[in-house]
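# Give me a model of this one.
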Amino acid sequence: MASAAAPDNANPTIISAEQLPTRQKRVATRYGPDSKYSDIILERPSYLSRPFCVDDASWPSPSRDDDAFAAEPIDEQEIYDLISTICDPEHPVSLGQLSVINLSDIHIDPAPTPGAVPSPNTIVTVLVEITPTITHCSLATVIGLGVRVRLEQCLPPNYRVVVRCKENSHSQDDQVNKQLGDKERVAAALENDTLKGMLDQMLATCA
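Numbers count the residues shown, from 1 in each chain. Purely as a prediction, here's the structure:
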């Protein structure tokens, strides 16, 4: 394992976090009167309640809005948002900023259909191809393991996670991919206290 004092790639290319594709809002939390009293301001007026008003649809309902969003399936952007903020084990920046994780390298099978959530009985495979910053990265397996752990913690039980190095991105990609695809090796690695501590630090930056 590479020492923190001597990283494999001392000068990686880093992308600004603001340039990364995301569906998450970057608006800062506001603590002014508009947020403090928003529940009162947006409350349904009494004159729109029964018996004065028969049509309940005349006032927007937050629950109806929530239901509309709940029907959307998990797509590549949502997967990206879950894993792009994982911290690199060598540098204090995210995997997204280092382009180790890229939106175009995330694949879902069967492909998500807008407005249709897969049945719990349908097995959905999520494939994430990682691109180490250098071809001889000694922590490629650790990075892949962090991605796999993060997704397995967040996705429904019918989702199967596959993580591997992108073709020709690592000099030992076959060996790395074999380790990441071996459930017994992954389980054994998660029982290693040193490795688990490293993974906890990597995932601490995830929302």
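
# Break down the chain into its strands, ranges please.
Ranges of strands in the chain, per DSSP state E, are 106-109, 124-130, 159-165.

# what would those look like in a markdown table with mean neighbour count and mean pLDDT?
Placement of C-beta: from N, CA and C, glycine included. Putting the strands of the chain into a markdown table (neighbours: other CB atoms under 10 Å; pLDDT from 0 to 100) gives the following:
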| stretch | mean neighbour count | mean pLDDT |
| --- | --- | --- |
| strand 106-109 | 16 | 98 |
| strand 124-130 | 20 | 98 |
| strand 159-165 | 20 | 97 |
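
# Dump those into a markdown table; add distance to residue 191 as well.
Listed next are the strands of the chain as a markdown table, based on distance: least, CB to CB, whole Å:
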| stretch | distance to residue 191 |
| --- | --- |
| strand 106-109 | 28 |
| strand 124-130 | 23 |
| strand 159-165 | 19 |
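
# just so I know, which of those lies nearest residue 11?
With CB to CB as the criterion, residue 11 lies closest to strand 124-130 of the strands of the chain, at 19.7 Å.

# List the contacts of the closest one.
Contact with strand 124-130 is made by 74, 79, 83, 95, 100-101, 105-110, 118, 140, 143-144, 147, 151, 155, 158-167, 169, as judged by CB atoms under 8 Å, 6 or more residues apart in numbering.

# next one: stretch 85-102
Applying CB under 8 Å, 6+ apart, the set of residues contacting stretch 85-102 is 2, 4, 7-9, 12-17, 20, 80, 83-84, 128, 130-133, 139, 142-143, 146-147, 150, 198, 201-207.

# Can you give me the neighbour number for residue 201?
Using other CB atoms under 10 Å, residue 201 has 12 neighbouring residues.

# which ones are touching it?
87, 89.

# From residue 142, how far off is it?
Look at residue 201 and residue 142: by CB to CB, to the nearest Å, they are 11 Å apart.

# and if you look at residue 80?
Applying CB to CB to residue 80 and residue 142 gives a distance of 20 Å.

# Could you do residue 127 as well?
19 Å.

# if we can go back for a sec, in helices, which of the contacts of stretch 85-102 fall?
If you go by DSSP state H, these have 80, 83, 142-143, 146-147, 150, 198, 201-203 in helices.

# Between the two ends of stretch 78-97, what distance do you get?
17 Å (CA to CA, to the nearest Å).

# mind listing what's buried in that stretch?
78-91, 93-97 (16 or more other CB atoms under 10 Å).

# Show me where this structure dips below the pLDDT cut-off.
Residue ranges of the chain with pLDDT under 70: 1-6, 25-71.

# repeat that with 90
Residues of the chain that meet the criterion pLDDT under 90 lie in 1-13, 17-19, 23-72, 115, 183, 185-190, 207.

# any idea how far residue 151 lies from residue 172?
According to CB to CB, residue 151 stands 23 Å off from residue 172.

# For the two, work out which one has more neighbours and name it.
residue 151 (19 against 16).

# and the more buried one, what is it in contact with?
Counted by CB under 8 Å, 6+ apart, residue 151 has contacts 79, 82-83, 126, 128, 159, 161, 163.

# In a markdown table: these, plus distance to residue 114.
A markdown table is the format used below for these (distance: CB to CB, whole Å):
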| residue | distance to residue 114 |
| --- | --- |
| 79 | 16 |
| 82 | 19 |
| 83 | 22 |
| 126 | 18 |
| 128 | 22 |
| 159 | 18 |
| 161 | 23 |
| 163 | 26 |
